[in-house]
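J.: Sequence first, then the predicted structure:
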Amino acid sequence: MVNLVKVGNEKDFGKVAAYIVSSLVQTSPRCVLGLATGGTPVGLYKELIEIYNQGVITFEKVKTYNLDEYVGLPSDHPASYRTFMNEHLFNHIDILPENTHVPDGQAADPDQECQRYDEMLSEAVIDLQVLGIGHNGHIGFNEPDDQLTPGTHVVDLLPQTREANARYFNSIDEVPQRAITMGVGSIMKARQILLMVRGADKADIIHRALTGPITTLCPASLLQLHPNVTVLMDAEAGRLFQQ
Ligand SMILES: N[C@@H]1[C@@H](O)[C@H](O)[C@@H](COP(=O)(O)O)O[C@@H]1O
């Protein structure tokens with residue numbers, strides 16, 4: 001079941017998302033969060049830090065699993081997703097470093113790293129998975145294809161995905177060609193999903209993902225099959241939905 005929530009401005013977008021996440025952390029202090037990177041969830045993390053600073057929640061017993069990481073980037077590279085998470089959230093809250101998990105993009109054998117990540121995921125049930133969406137409908141780094149992989153795996157990034165992420169690097173040539181991503185099976189196993197979508201450039205894809213056919217050519221369309229998805233959209237991203 002998909003619940004649509006439309007908000008009018010940037011501040012509310014982060015606040016509503018943070019309300020959903022912090023309510024869970026408050027009522028289930030040992031919860032497991034699946035986390036996402038990209039521009040979209042930045043406001044969520046900012047607001048979560050604010051709520052944490054008010055002393056309302058603690059992350060001491062929370063565990064997190066991130067969706068993805070670039071292959072070949074050292075974890076302290078400015079554009080790695082580990083750096084993103086440290087800078088936007090983990091360094092500012094009381095979460096234990098050993099409770100935060102991001103695939104190791106520098107692992108000597110990326111396939112083995114996928115297996116390690118999957119083993120960890122199989123022991124954890126993600127209570128709430130935060131997601132963004134790519135312009136082509138990807139979730140995590142699960143790119144549109146004839147078939148999708150359920151578990152953590154290495155993907156070849158499509159040119160448009162590398163282009164969209166080039167803003168975090170000095171040039172597009174520096175954007176890695178491959179990434180490790182949680183598979184759609186792991187994402188769909190999460191008890192609850194919060195899909196965040198912002199901006200006019202995402203209006204078509206989110207409309208197609210939620211109202212079009214369920215197809216591997218639009219990985220986010222699989223979310224139509226999930227029992228508990230909240231789609232948080234700003235006015236521009238949600239302009240094709242009547243509400
Ligand atoms: N791997 C990430 C995705 O997890 C994210 O959802 C997407 C959208 O990013 P943005 O929020 O910056 O549009 O970008 C990357 O490809």
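T.: Nice, I can see it.
J.: tell me the contacts of L217?
T.: Counting by Cβ atoms under 8 Å, 6 or more residues apart in numbering, L217 touches 137, 144-146. In short, each C-beta sits where N, CA and C put it, glycine included.
J.: Just the buried ones out of the residues you listed, please.
T.: Buried by 16 or more other Cβ atoms under 10 Å: 137, 144, out of the contacts of L217.
J.: T211: how many residues sit nearby?
T.: By the criterion of other Cβ atoms under 10 Å, T211 has 12 neighbours.
J.: Correction: the previous question concerned N170.
T.: Using other Cβ under 10 Å, N170 is surrounded by 10 other residues.
J.: what does A200 give?
T.: Neighbours around A200, by other Cβ under 10 Å: 11.
J.: With G238 as the reference, measure out to it.
T.: A200 is 10 Å from G238, where distance means Cβ to Cβ, to the nearest Å.
J.: likewise K61?
T.: Noted for K61: a distance of 35 Å to G238, by Cβ to Cβ.
J.: neighbour-wise, which of these two wins?
T.: Using other Cβ under 10 Å as the criterion, K61 and G238 rank with G238 on top: 22 against 14.
J.: Wasn't that one part of a helix?
T.: No: counting by DSSP: H, G, I helix; E, B strand; the rest coil, G238 is located in no helix; its state is coil.
J.: Flag every buried residue along the longest helix anywhere in the chain.
T.: The residue-count maximum for a helix in the chain (DSSP state H) belongs to helix 10-27. By neighbour count with 16+ other Cβ under 10 Å, helix 10-27 contains the buried residues 12-18, 20-22, 24-25.
J.: What's the mean pLDDT across the helix or strand following that helix?
T.: Using DSSP states H and E, the next helix or strand after helix 10-27 towards the C-terminus is strand 32-35. For strand 32-35, mean pLDDT rounds to 98.
J.: Between the two ends of stretch 89-96, how far is it?
T.: Start-to-end span of stretch 89-96 (Cα to Cα, to the nearest Å) is 12 Å.
J.: Figure out the helix or strand that L194 lives in.
T.: With DSSP H and E as criterion, L194 is part of strand 192-197.
J.: neighbouring strands for that strand, and are they parallel or not?
T.: Strand pairing for strand 192-197, determined by DSSP bridges: strand 128-131 (parallel), strand 229-234 (parallel).
J.: do it and the ligand meet?
T.: No: judged by Cβ under 6 Å from any ligand atom, strand 192-197 stays clear of the ligand, getting no closer than 7.6 Å.
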